[in-house]
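> Build me a model from this:
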Amino acid sequence: MQQTSALYRRIIADENHYFQTRIVVGESGNLITEGGERILFGGVSIIVARTGPESGFPENYIFSVKTSSNMLQDKLEIGKCISQEITVSMVNPSGDMPRMSAVVPYVRACTATEKSEWIQQGVFYIDTRTISDNDEDEKVLELHGYDAMLFANNPYSESNLDWPAKDTDVVAEIAGIMGIGVDQRTYDIMDSEHMISYPGSYTLIEMLSYIASMYFGSFVITETGELRLVSFLELPKETRYLIDEIGDVIVFGNDRILV
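Numbering: from 1, shown residues only. Okay, here's the model as predicted:
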């Protein structure tokens, strides 16, 4: 999990705390129309950069943000690659948000007098966009997307490794093909140095699932968009939910986050 500050932990210990949300869409620059004109809200140009939450859409432009994951249902599952998805309902801007644009949600804890740092809650890629009218005749844009695990659904057709290869090297190469990094905690778990045979006709996701099963775990994409192996041997017996450093269940969009 991400590191949080003492301020964040103090705020969420307050029974009157609440959360604020921001959504960053796109890579960098201003949100523009197809004709290249900047899109304005209230005369303000909206910046869409993945440099941080301050460049994103504030809560008054967002109706709802929902994330979901199928990592755990009724029982523990080993050898899975878990793709998380997001649905965002927001004020419809005048321009188009291209398919596969990145969507990065952030939350921060607040009280009446204090606000914590922004906490990133994933990196997702738009696959569908729909526009509708709400009860107040406002144009509403709904975005749906998946995290980077989506990119693992491709053949493992090219490799620069000498086979058989160490499992850690295979995971690093797969992450590179997916265009993401590897969470360091993955290497902390993968200490057996299993030798993996040449993948042949397997996909990236099949190879990751095979490696995950060796460590009694599954692969996920972290809040910061990196590939991480989660071993069920390391999960606390008391809960199957993600918890923070003081033991509270982490909530995003009023939903507990299953691991």
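
> which residues sit in contact with the residue nearest to residue 69 when sequence neighbours are not counted?
Nearest non-adjacent residue to residue 69, counting by Cβ to Cβ, 6 or more residues apart in numbering: residue 84, 4.3 Å away. Heads up, the C-betas are built off the backbone N, CA and C, glycines and all. Counting by Cβ atoms under 8 Å, 6 or more residues apart in numbering, residue 84 makes contact with 67, 68, 69, 122, 124, 146, 147, 149, 220, 221.

> Could you check how far the closest residue to residue 68 other than its chain neighbours is from residue 144?
The spatial neighbour of residue 68 that comes closest, neighbours along the chain excluded (Cβ to Cβ, 6+ apart), is residue 85 at 5.8 Å. Applying Cβ to Cβ, to the nearest Å, the value for residue 85 to residue 144 is 7 Å.

> correct me, but residue 155 touches residue 200?
No: using Cβ atoms under 8 Å, residue 155 is not in contact with residue 200; the gap is 9.8 Å.

> low-scoring stretches of the stretch 151-259 of the chain, by residue?
Residue ranges of the stretch 151-259 of the chain with pLDDT under 70: 234-259.

> in it, which spans are helices?
Using DSSP state H, counting those that start in this stretch, the helices of the stretch 151-259 of the chain run over residues 167-178, 184-189, 204-214.

> and the residue lying closest to residue 57 once chain neighbours are set aside, how far is that from residue 233?
In this structure, residue 57 finds its nearest non-sequential neighbour in residue 23, 4.8 Å apart by Cβ to Cβ, 6+ apart. According to Cβ to Cβ, residue 23 and residue 233 sit 35 Å apart.

> Compare those two (neighbour count), which wins?
Neighbours were counted for residue 23 and for residue 233 using other Cβ atoms under 10 Å; residue 23 has more, 23 against 9.

> Please verify my assumption that that one contacts residue 88.
Yes: with contact defined as Cβ under 8 Å, residue 23 reaches residue 88; the gap is 6.0 Å.

> what do the two both touch?
Residues touching both residue 23 and residue 88 (Cβ under 8 Å, 6+ apart) are 62, 65, 103, 105.
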